[in-house]
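**Student:** Only the shape, not the letters, is given here:
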């Protein structure tokens with residue numbers, strides 16, 4: 001978390017809070033190639049495995065158990081939570097896309113929570129991951145919007161309730177806002193996760209100084225608790241925005 005600077009050049013502690021986000025080979029050192037197994041590869045795979053174990057392995061075959069286990073209860077709560085979200089925002093018509101939205105939610109939650117393990121790597125702290133997920137949502141809802149509604153999907157950008165003179169201006173604003181969606185969708189998730197982890201590491205670095213160590217430990221504990229909450233909230237925000245975008249594709253009229 002913190003290392004003593006060599007020699008008397010600095011005479012203090014050097015913090016590298018962003019080092020935890022470096023993608024590097026999981027085995028040994030050296031350059032990273034497309035085929036290299038990296039820390040990002042391993043922890044992304046573990047997040048996928050956690051989703052599979054939670055939703056498949058812990059769920060009993062042939063229906064729910066009469067007395068569900070703790071893990072089964074967690075899986076059922078997550079299932080009901082996302083199902084209700086999709087139904088409330090998108091309506092019954094949106095439930096056919098529930099598996100996709102559920103997969104997104106569970107992957108983000110598991111990746112965020114696994115990233116809180118000391119020395120772990122958090123895939124959702126990288127824009128390379130969040131941009132891919134955001135672009136997948138953007139392209140899916142855009143294609144779906146045109147497939148389901150044809151050119152009527154363009155009504156999403158035409159605010160019919162506004163005065164006629166303002167409609168062209170609002171259409172331009174709506175169009176820009178629409179194409180900014182994947183940017184804000186991805187930056188919100190990666191930025192919040194990255195910022196929280198960086199702050200925790202900074203406080204951990206100060207813990208090496210004996211005078212302020214107790215304060216740092218308290219701060220780390222508080223930030224860690226906050227990050228547990230943020231990990232869930234950011235998954236929820238990403239998912240609920242996906243539902244809102246899906247609703248626009250299914251019902252484009254203002």
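**Tutor:** Structure received. On a predicted model such as this, the values are computed, not experimentally measured, just so you know. Numbers count the residues shown, from 1 in each chain.

**Student:** Over to the nearest residue to residue 41 once chain neighbours are set aside: give its phi and psi.
**Tutor:** Residue nearest to residue 41 in three dimensions, not counting chain neighbours: residue 26, with 6.8 Å by C-beta to C-beta, 6 or more residues apart in numbering. From N, CA and C alone the C-beta is placed, and that goes for glycine too. With angles defined as degrees, to the nearest 10, residue 26 sits at phi -70, psi -30.

**Student:** Give me the number of neighbouring residues for residue 26.
**Tutor:** 14 (other C-beta atoms under 10 Å).

**Student:** where does the stretch 1-150 of the chain have low pLDDT?
**Tutor:** Scanning the stretch 1-150 of the chain for pLDDT under 70 picks out 1-15, 60-66.

**Student:** For it, just list every one of the helices.
**Tutor:** Ranges of helices in the stretch 1-150 of the chain, per DSSP state H, counting those that start in this stretch, are 39-52, 70-90, 98-114, 127-149.

**Student:** Check the stretch 151-254 of the chain too.
**Tutor:** Under DSSP H, counting those that start in this stretch, the stretch 151-254 of the chain gives helices at 167-206, 213-250.

**Student:** Let's have these in CSV, adding distance to residue 147 and mean neighbour count.
**Tutor:** CSV is the format used below for the helices of the stretch 151-254 of the chain (distance: least, C-beta to C-beta, whole Å; neighbours: other C-beta atoms under 10 Å):
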stretch, distance to residue 147, mean neighbour count
helix 167-206, 17, 17
helix 213-250, 9, 17
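
**Student:** Tell me which of those helices sits nearest to residue 105.
**Tutor:** helix 213-250 (4.3 Å; C-beta to C-beta).

**Student:** same for the closest one, what does it pack against?
**Tutor:** Where contact means 3 or more C-beta pairs under 8 Å, 6 or more residues apart in numbering; DSSP states H and E, helix 213-250 is packed against helix 70-90, helix 98-114, helix 127-149, helix 167-206.

**Student:** and the last one, what does it pack onto?
**Tutor:** If you count contacts as 3+ C-beta pairs under 8 Å, 6+ apart, helix 167-206 packs onto strand 2-4, strand 13-15, helix 127-149, helix 213-250.

**Student:** do the shortest one as well
**Tutor:** With contacts taken as 3+ C-beta pairs under 8 Å, 6+ apart, helix 98-114 sits against helix 39-52, helix 70-90, helix 127-149, helix 213-250.

**Student:** do that again at 6 Å, thanks
**Tutor:** Judged by 3 or more C-beta pairs under 6 Å, 6 or more residues apart in numbering; DSSP states H and E, helix 98-114 is in contact with helix 39-52, helix 70-90, helix 213-250.

**Student:** Now do the last one, average pLDDT.
**Tutor:** Just to be clear, that refers to helix 213-250. For helix 213-250, mean pLDDT is 90.

**Student:** report the angle between the axes of that helix and helix 167-206?
**Tutor:** Per axes from the mean of the first three to the mean of the last three C-alpha atoms, to 10 degrees, the angle that helix 213-250 makes with helix 167-206 is 160 degrees.

**Student:** What of the shortest one?
**Tutor:** Note on geometry: by the same axes, to 10 degrees, helix 39-52 and helix 167-206 are set 100 degrees apart in direction.

**Student:** And helix 39-52, how far out from the chain middle?
**Tutor:** In terms of C-alpha atoms, centre = their mean, to the nearest Å, the centre of helix 39-52 is set 14 Å apart from its chain centre.
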